[in-house]
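Participant: sharing a model prediction with you, sequence too.
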Amino acid sequence: MKQYLVEIIGESLKQFDLDERPDIQIEDPKQPEHGDASSNIAMTLARPLKNNPRAIAQKIVGGLDYDEKKISSVEIAGPGFINFRFTEEYLFDELGKILSLGADFGKSSSYEGKRVLVEFVSANPTGPLTVGHGRNAVLGDTVARLFEWTGAEVEREYYFNDAGRQMRVLGESVRARYLELLGKEGEFPEGGYEGGYISDIAQSLVDEIGDELVEAEDETPFKEKAEEEIFADISSTLERMKIEMDSYFNEQSLYDDGKIEETIQKLRDKDLVYDKDGAVWFKTTEFDKDKDKDTVLVKSTGEPTYRLPDIAYHANKLDRGFDLCVDVFGADHIATYPDVLNGIKSLGYNPEKVDVVVYQFVTLVKDGKPFKMSTRKANFVTLDDLMDEVGADVTRFFFLMRSPNTHLEFDIAQAKEAGEKNPVFYLQYAHARISSILRKVEDEYDFSKDIDLSLLTHPSEITLIKTMLKFPETIASAARLREPHHVITFLNDLASAFTAFYHDCRILGEDEKLVQARTTLAKAVAQVLRNGLGILGITAPEQM
RNA sequence: GCGCCCGUAGCUCAACUGGAUAGAGCAACGCCCUUCUAAGGCGUAGGUUACAGGUUCGACUCCUGUCGGGCGUACCA
C-alpha cells in the first residue's frame, strides 16, 4: 500500500517540477483519527518551495488521482499532513491475501538474490556457553532469519581459534585434573580454568584411555580432547536454542593456507605497513586522523595479533562471494571494526559489504547486585542452566525483546521465577486461544463456500486487520535495521488487538455467516502469530 | 585525557530513525470468571524524556556544552 501511495503522490508532483524530490515519507499515524497512512511531504517541501505546508498539501491533494476502491478519503490535517484512509474493501482483500500466502505472508524481496553470511557466537571452545553468549547467539540467529524472510540466501558461520594461549591454558588445566584423578602430582596452571567441566573432561579421558597420557610431552592431547567435548557441549546448547550453524571456520586455516602471510605482503606492497621495534605495524592513523597510534599486526615475537587474522578472515569471506557479511559482537569488540574495514578496503574489497551488529553487554544481576562472570573463574551461569529453568522459548524471547543497543539487565532470580508472568506467554496464549476455537468450530461449519468478510464491521475487527497488514513492513524494517525487537513489539500489538477482538466479538454461537467471517479473521491472526514467532525461533503452541 | 554506546513513569524497556496528545510490561490501588483458555480484561495513579543552550513549521530523536553510567583506548582476544 505504501508503494502505491508513493506512486500516486509522485504522479501528482510532476506539476511541481522539482529538481530533486526529498524523501517522501509515508507513515502509520499513532492516532486513529489521523487515518491509516500519512505523508509529511507537504512539510518537507515547504522550504524548497517557499510556500506554507498546507497550501502545498492542497495542491498535491488536488492533483491526486487515486483508486477509490483502495482509498476512501484523503485529508489535510495539522500543520500539513496528508492523511489517507483505506476502504474496507481493500482491507478485506488484503485479509484474504494473508490466508492465501499463509506461511509466506510477511516475506519480501529486498534481499532477493543476495548471499548473506552472518557470523556469530564465535566463542572459543574454552567452556560452556554462558548467559553472556546468549545474546550474541540469539541475536545472530534471528538476524539471519530476518534476512531469510527478505529473500536472502543466508549462511550462519561460527569462527573460532583453537591455537591461542587461552586454549593452551585450557589443555594444561585438563592435564592437571587428569593427573590428580590418577593420584599423581598435577600442577594447576596459573590462571587456569576452574570449572567443574574440566574435571569431567579429565574423568572421561581416564575412563577411555586410563593412564596412557601420564607421560604426555605437552598439553596437546588434553587440549584436543577438551576442544572436542566442549564443542559437543556448545553444539547441543545451540541446538536446544534452535540454532544451526552452516559452517565452522577455524582461524588456524588462514595460517595453513598462507592467507595471513599473503595479507601482510599485500599491505606491505601498498606501503601500509612498516616495521618498528621488531613488530609489524599497520598505518591506521592514515585512515583515521583521530587515532594517535598505529596498530600492531605482528608482535615482536612473530605472532600476529588478532587484527591480522580478522582482516584475512573478512577477505576470505568476500572471496567466497558473499554480497553482505554481518558480524555480531559485543561492545567490547567494537574497536577492531574500523581496522578490519580499513584492512579489507586496502586489499581492494568493498567495505560496504561488511556490516556489524553491535550489542551492549548483558549485565548480570544476582541478589540485587551486578556481578561479573568469568569462564576461567567458573562463576558463570550457563545457557543450559537458564534453559533448564525457563525453557528455550523464554530464553530466546528474553534476549530479543530489547534493542541490541541498550544494556540488557538480566536478573537471574527474576528470570527463574519468570515462568508464570513472562511476556512471551502473552503471545503464545493468544495463539493457543485461537487454536482452541478452531478445534471447536471446524467440524461444525463449512468453510469451503464463499465467506462474506464484509460482515467484519466491529472496530476491534477492523483494527485487527489493519494491525496484521503492518507485518510485512515490520519484518522488512527489522531486517534492514538488524533489530529483531521490532518484531516483538509488533507481536505484542497484534496479540493485544486480538485479545480486544476476543473480548468484544464472540465466534461460537453466532450466526453461521458471522462465524465463518470471524473464524477466517482468527485463522489469519494465528497465521501471522506463527510467522512472527517463527522468525524469533519461538514455538506457537496450540494448547497451553 | 581521547573514542564509541547509553541516560525516557518507582523498576525493566518502547517510540516506525525529525512528525500530530511520549507508550507497554512488571510493581501499587479499585473492579470483572454459570458464555470460545482469568497465563486474560477494564479502570486509577505515575513524565520538565539527566541538565543547559541551539537548529526548524515540529526535537526523546539532530548539533554544542555539562553531569552521570557502560565499554574500549595492549606487541590480550
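Facilitator: That came through, no problem. Numbers count the residues shown, from 1 in each chain, chains lettered A, B, ... in the order given.
Participant: show me where the stretch 1-150 of chain A has its helices.
Facilitator: Remark: helices assigned in the stretch 1-150 of chain A by DSSP state H, counting those that start in this stretch are A:2-12, A:41-49, A:53-62, A:88-101, A:131-149.
Participant: packing partners of the longest one?
Facilitator: Judged by 3 or more C-beta pairs under 8 Å, 6 or more residues apart in numbering; DSSP states H and E, helix A:131-149 is in contact with strand A:115-119, strand A:153-160, strand A:324-330, strand A:354-359, strand A:362-366, helix A:383-400, helix A:471-481, helix A:512-536. Any C-beta I mention is one placed from the backbone N, CA and C, and that applies to glycine too.
Participant: so which of these is the most packed in?
Facilitator: Highest mean neighbour count of the helices and strands packed on helix A:131-149: strand A:115-119, a mean of 24 (counted as mean count of other C-beta atoms under 10 Å).
Participant: and it with strand A:324-330, angle?
Facilitator: Angle, strand A:115-119 to strand A:324-330, by axes from the mean of the first three to the mean of the last three C-alpha atoms, to 10 degrees: 20 degrees.
Participant: buried set for stretch A:78-90?
Facilitator: Neighbour counts over stretch A:78-90 (16 or more other C-beta atoms under 10 Å) mark A:G80, A:F81, A:I82, A:N83, A:F84, A:F86, A:T87, A:Y90 as buried.
Participant: what do you get for stretch A:230-237?
Facilitator: A:I230, A:D233, A:I234, A:S235, A:T237.
Participant: which residues does that stretch contact?
Facilitator: The set of residues external to stretch A:230-237 that reach it, using C-beta atoms under 8 Å, 6 or more residues apart in numbering, is A:121, A:123, A:125-129, A:197, A:201, A:382-384, A:387.
Participant: with mean pLDDT added, can I get the helices of the stretch 1-150 of chain A in JSON lines?
Facilitator: Listed next are the helices of the stretch 1-150 of chain A as JSON lines, based on pLDDT from 0 to 100:
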{"stretch": "helix A:2-12", "mean pLDDT": "78"}
{"stretch": "helix A:41-49", "mean pLDDT": "82"}
{"stretch": "helix A:53-62", "mean pLDDT": "88"}
{"stretch": "helix A:88-101", "mean pLDDT": "95"}
{"stretch": "helix A:131-149", "mean pLDDT": "95"}
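Participant: RNA strand B is nearest to which of these?
Facilitator: For RNA strand B, the closest of the helices of the stretch 1-150 of chain A is helix A:41-49, at 3.3 Å, according to C-beta to the nearest atom of the strand.
Participant: which elements pack onto that closest one?
Facilitator: Using 3+ C-beta pairs under 8 Å, 6+ apart: helix A:41-49 touches helix A:53-62, strand A:81-86.
Participant: strand partners of the last one, parallel vs antiparallel please.
Facilitator: Same thing as strand A:81-86. Here strand A:81-86 is paired, per DSSP bridges, with strand A:37-39 (antiparallel), strand A:71-77 (antiparallel).
Participant: what's the spacing between A:T126 and A:M401?
Facilitator: To A:M401, A:T126 is 29 Å away according to C-beta to C-beta, to the nearest Å.
Participant: these two: which is more packed in?
Facilitator: Remark: of A:T126 and A:M401, A:T126 carries more neighbours, 21 against 18, as counted by other C-beta atoms under 10 Å.
Participant: hang on, the more buried one packs against A:L170?
Facilitator: Yes: at 5.0 Å, A:T126 counts as touching A:L170 under the criterion of C-beta atoms under 8 Å.
Participant: what's the overlap in contacts for those two?
Facilitator: A:Y193.
Participant: Three-state assignment for A:F380, please.
Facilitator: Per DSSP: H, G, I helix; E, B strand; the rest coil, the local secondary structure of A:F380 is coil.
Participant: quick one: contacts for it?
Facilitator: Neighbouring residues of A:F380 by C-beta under 8 Å, 6+ apart: A:G127, A:P128, A:T130, A:V131, A:G132, A:G195, A:M373, A:S374.
Participant: what are the phi and psi values at the last one?
Facilitator: Torsion angles at A:S374 (phi, psi; degrees, to the nearest 10) stand at phi -140, psi 120.
Participant: now the residue nearest the centre of chain A: how far from A:V154?
Facilitator: Ranked by distance to the mean C-alpha position of chain A (C-alpha atoms, centre = their mean), the top residue is A:V143 at 2.8 Å. Going from A:V143 to A:V154 by C-beta to C-beta gives 9 Å.
Participant: need the overlap of contacts for the two.
Facilitator: Listed contacts common to A:V143 and A:V154 are A:V118; contacts here mean C-beta under 8 Å, 6+ apart.
Participant: buried residues, stretch A:257-274. List them.
Facilitator: Buried residues in stretch A:257-274, counted by 16+ other C-beta under 10 Å: A:K259, A:I260, A:T263, A:I264, A:K266, A:L267, A:L272, A:V273.
Participant: most widely separated two among those residues?
Facilitator: A:K259 and A:L272 (17.0 Å; C-beta to C-beta).
Participant: tell me the contacts of A:S403?
Facilitator: When contacts are counted by C-beta under 8 Å, 6+ apart, A:S403 touches A:E483, A:H485.
Participant: about what we covered before: tell me which two in the contacts of stretch A:230-237 are the farthest apart.
Facilitator: A:I201 and A:M387 (21.6 Å).
Participant: ok, which residues in the stretch 301-450 of chain A are in contact with RNA strand B?
Facilitator: A:301, A:303, A:305-306, A:331-336, A:360-361, A:401-403, A:405-409, A:420-421, A:423, A:425-426, A:429, A:432-433, A:435-437, A:440 (C-beta under 7 Å from any atom of the strand).
Participant: I'd like to know which of the residues you listed are buried.
Facilitator: Neighbour-count burial (16+ other C-beta under 10 Å) is assigned, among those, to A:T305, A:T336, A:Q360, A:M401, A:R402, A:L408, A:F425, A:A432, A:R433, A:S435, A:I437.
Participant: closest one to A:M468 out of those residues, please.
Facilitator: A:R433 (16.2 Å).
Participant: what's the closest non-adjacent residue to the closest one?
Facilitator: Excluding its sequence neighbours, the residue lying closest to A:R433 (C-beta to C-beta, 6 or more residues apart in numbering) is A:Y502, at 6.5 Å.
Participant: wait, that neighbour touches A:S436, no?
Facilitator: No: if you go by C-beta under 8 Å, A:Y502 and A:S436 don't touch, sitting 10.8 Å apart.
Participant: on that earlier part again, output the helices and strands packed on helix A:131-149 as TSV; include the columns mean pLDDT.
Facilitator: Putting the helices and strands packed on helix A:131-149 into TSV (pLDDT from 0 to 100) gives the following:
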stretch	mean pLDDT
strand A:115-119	97
strand A:153-160	96
strand A:324-330	94
strand A:354-359	92
strand A:362-366	76
helix A:383-400	90
helix A:471-481	94
helix A:512-536	96
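Participant: ok, which of those comes nearest A:A137?
Facilitator: Minimum separation from A:A137 across the helices and strands packed on helix A:131-149 (C-beta to C-beta) falls at helix A:383-400, 7.6 Å.
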